[in-house]
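Novice: All I have is the shape, not the residue letters:
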């Protein structure tokens, strides 16, 4: 009997546990180590930040659903991974051993790398549902006392979609409250241009997003390095191609929400052969760690090099479709190892993204995610907002029911009968 442990219970970890249970059957055991017993649907956090969702609406109690699927849950969290011993030290002093490990942790949020940045400083966050709830309070205060707003993503960030989403969702909330005319908005991003997204653009994301910015009266600063945040202003350096400071900006603010850079969690950082200097897990084409072949990784924790050199560091996003592709390949490869066969499944690493703007949005498909691509497509419209809602409902139902059907984004969009996306073949086996 093999014991497979999943470290993390987010988008990738929860579905990995379900797929492992279905694939391996009753002859093998599956366990999950997580910080707590609650799953939160992170893509809904921008809505939580303006009060369009509450915590209960995007939360799932994993105790009941895991027990139903015969998956053991260890909500104490990981203190330290000891890969040479095939053991995870838990935060309560106990430990759990494994034959195979799937690392599916979310990131550690590097707010501390910038003075005055983060919920403990002078900015808000939507990276965690609890942060988003605090952001909602700040949005209420902004509506009561309007003033300048800064939205964006800092140097080293690898997740840009939610920053664009929140900018336009906040714009919609302020328009609904009839105070948008008293709230100057500036989008500050480390991207070399609007719509880069850490992917060097997808289709015409540059043109589409710049057009949306102009339509919604949002100014922007690209190649931006956030140096410091004070109570009433953000200090930003605009960086030239040669790395010099092109212009120093003091951007007034009474409300700021910028996405941070990520790093690997403390339980993994500094383990030689497992992670890179930033703490992200090294993986081969089979999602397998070269130094510890019984360790696999999926999702945000995976080390992926940037698409190209930029004046300000920009990371590569890991979208939901890409993560689920990693999960399916990983589960297949672990099953082969258990049966004394070699891994042969390779994740497709395609990107399908729905960016909701409150009453419209932009969708894009990058196949594969890293260029050059076979499919490089983007489009916009009110249908994206509807598709994002369907996506949320479908995925939360999937987690609550313990089902493991793959490729949720495609299924959610096809259920809506979106003809434009039906024209695009999304290869699921490459």
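Specialist: Perfect, thanks for sending it. Since this is a predicted model, take the numbers as computed values, not measurements. Numbering: from 1, shown residues only.

Novice: How far away from the center of its chain is stretch 178-191?
Specialist: Here stretch 178-191 shows a centroid-to-chain-centroid distance of 23 Å under the convention C-alpha atoms, centre = their mean, to the nearest Å.

Novice: Next, the buried residues of it.
Specialist: Of the residues in stretch 178-191, 179-180, 183-191 count as buried by neighbour count, 16 or more other C-beta atoms under 10 Å. Backbone N, C-alpha and C define where each C-beta goes, glycine included.

Novice: now stretch 141-152
Specialist: 142-143, 146, 148-152.

Novice: can you give me the helices for the chain?
Specialist: For the chain, applying DSSP state H gives helices covering 11-24, 45-48, 62-68, 129-144, 161-176, 205-215, 320-338, 382-401, 408-415, 419-422.

Novice: Out of those, which gets the lowest mean score?
Specialist: With a mean of 47, helix 419-422 has the lowest mean pLDDT of the helices of the chain.

Novice: and the chain, what are its domains?
Specialist: Taking automatic domain parsing as the domain assignment, the record places the domains of the chain at 3-109+263-350, 112-261.

Novice: would JSON lines of those with distance to residue 367 be doable?
Specialist: Supplementary listing: the domains of the chain in JSON lines, determined by distance: least, C-beta to C-beta, whole Å:
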{"stretch": "domain 3-109+263-350", "distance to residue 367": "4"}
{"stretch": "domain 112-261", "distance to residue 367": "10"}
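
Novice: Distance to residue 226 added to the helices of the chain, as CSV?
Specialist: Written out in CSV, the entries for the helices of the chain read as follows (distance: least, C-beta to C-beta, whole Å):
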stretch, distance to residue 226
helix 11-24, 27
helix 45-48, 20
helix 62-68, 35
helix 129-144, 17
helix 161-176, 12
helix 205-215, 19
helix 320-338, 27
helix 382-401, 28
helix 408-415, 31
helix 419-422, 35
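
Novice: Show the low-confidence segments of the protein, by residue range.
Specialist: Residues of the chain meeting the criterion pLDDT under 70: 405-430.

Novice: related to what we said a few turns ago, I'd like to know which of the buried residues of stretch 178-191 are part of strands.
Specialist: Members of the buried residues of stretch 178-191 lying in strands (criterion: DSSP state E): 185-189.

Novice: got a list of what residue 399 touches?
Specialist: 14-15, 39, 41, 60, 65 (C-beta atoms under 8 Å, 6 or more residues apart in numbering).

Novice: May I ask which of these has the most neighbours?
Specialist: With neighbours defined as other C-beta atoms under 10 Å, the most crowded of the contacts of residue 399 is residue 15; it has 29 neighbours.

Novice: The residue nearest to that one when sequence neighbours are not counted: neighbour count?
Specialist: In space, and not counting its chain neighbours, residue 15 is closest to residue 327: 5.4 Å by C-beta to C-beta, 6 or more residues apart in numbering. One way to gauge burial is a neighbour count; for residue 327, by other C-beta under 10 Å, it gives 30.

Novice: residue contacts, residue 327?
Specialist: When contacts are taken as C-beta under 8 Å, 6+ apart, residue 327 is in contact with 12, 15-16, 19, 104, 298, 406.

Novice: and what of residue 140?
Specialist: Contacts were defined as C-beta under 8 Å, 6+ apart; by that measure residue 140 touches residue 51.

Novice: let's see it at 7 Å
Specialist: The contact partners of residue 140, taken as C-beta atoms under 7 Å, 6 or more residues apart in numbering, number zero.

Novice: Cool, thanks, talk later.
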